[in-house]
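Undergrad: Need a 3D model of the following:
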Amino acid sequence: MAVIKTSPQDLKIINIRIKPKLVFHILLFAIFFLTFMNILGLYLGSGVNPQYMVKFDFNQEANIPAFFSAISLFVCSMLLLSIALVGRKSKAETSSWFYLALIFLFLSFDEAAGIHEMFIGMTRRTFNLSGYFYYAWIVPYGIAVVLLFALLLPFLKKLRKRTRVLFLLSGTIFISGAIGFEMLGGNVIQSQGPGALFSFFYTCEELLEMLGSSLFIYALLDYITQTFGSNIRMVKDN
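TA: Predicted coordinates for the structure are as follows:
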């Protein structure tokens, strides 16, 4: 096996500065654009090319808004994993960060593949659900949210106040959309069918989900800069 020796002169140090507010502003701009395109498609209605509607409609799967949401959740997972790995080197408590990383990785795949929809039929038939529980996946997922919050409460209490508030705020926004407006939309779609009110509810649902995950990305980047510094040093061969 050949061994290649690299002298310090052959190495180039690249400094990357993390700017949480800039990242958050970029995400907000992307969310504003996607929301505008969704509303524009709803306003123009049937006069728009169906392919356009599919690409930007918040109520469709495997399109641009769904991809944005899945990537945002995946970024959350990778940031959580990074915090856990860096904390591990400094012998800090990292188990909760690892658990959160796995949860957000699952949420990312769920958003991309629609795993939660597999629970709708079975749960609806088992418990005879309708109305606000028409989308019956919210029952097992809602129970999981309550249990996870109870388990993570000691971890949240140990965080500095700013980080804790951002975590709770982003989580509240995300769950308000994912479960709250999903319940409202389910009741409307069953009682009235698709219409303007249903479109309003699912638009709010996806908007709040994107805002919640984006705010969580900001919270994680803010935590990283406050805890480990805002500069990342990368070494590259010339």
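Undergrad: Which helix or strand in this protein has the lowest average pLDDT?
TA: Across the helices and strands of the chain, mean confidence by mean pLDDT, DSSP states H and E is lowest for strand 231-237: a mean of 55.
Undergrad: any idea how far Leu153 is from Leu168?
TA: Separation of Leu153 from Leu168 (CB to CB, to the nearest Å): 11 Å. Where C-beta positions appear, they are placed from N, C-alpha and C, glycine not excepted.
Undergrad: Who has more neighbours out of those two?
TA: Leu168 (14 against 9; other CB atoms under 10 Å).
Undergrad: tell me which element that one falls in.
TA: Leu168 is located in helix 161-175, with elements delineated by DSSP states H and E.
Undergrad: hey, C-alpha coordinates of that helix in CSV?
TA: The C-alpha trace of helix 161-175 is given here as CSV (Å, rounded to 0.1, in the frame of the first residue of the first chain):
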residue,chain,number,x,y,z
LYS,A,161,-33.9,29.6,27.3
ARG,A,162,-33.5,31.0,23.8
THR,A,163,-33.0,27.6,22.2
ARG,A,164,-35.9,26.0,24.2
VAL,A,165,-38.3,28.8,23.1
LEU,A,166,-37.3,28.4,19.5
PHE,A,167,-37.6,24.6,19.6
LEU,A,168,-41.1,24.8,21.2
LEU,A,169,-42.3,27.6,18.9
SER,A,170,-41.1,25.8,15.8
GLY,A,171,-42.7,22.5,17.0
THR,A,172,-46.0,24.3,17.8
ILE,A,173,-46.1,25.9,14.4
PHE,A,174,-45.3,22.6,12.6
ILE,A,175,-47.9,20.5,14.6
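Undergrad: Report the buried residues of stretch 176-193.
TA: 176-189 (16 or more other CB atoms under 10 Å).
Undergrad: now do stretch 143-151
TA: For stretch 143-151, the neighbour count (16+ other CB under 10 Å) marks Val145 as buried.
Undergrad: What of stretch 76-94?
TA: 76-77, 79-81, 83-84, 87, 94.
Undergrad: Okay, helices next: where are they in the chain?
TA: Here the chain has its helices, by DSSP state H, at 20-44, 50-56, 64-89, 95-113, 118-127, 138-158, 161-175, 182-191, 196-228.
Undergrad: Which residue comes closest to Val54 once chain neighbours are left out?
TA: Leaving aside its chain neighbours, Val54 sits nearest to Gln60 (5.4 Å; criterion: CB to CB, 6 or more residues apart in numbering).
Undergrad: Tell me the confidence at that neighbour?
TA: pLDDT recorded at Gln60 is 87.
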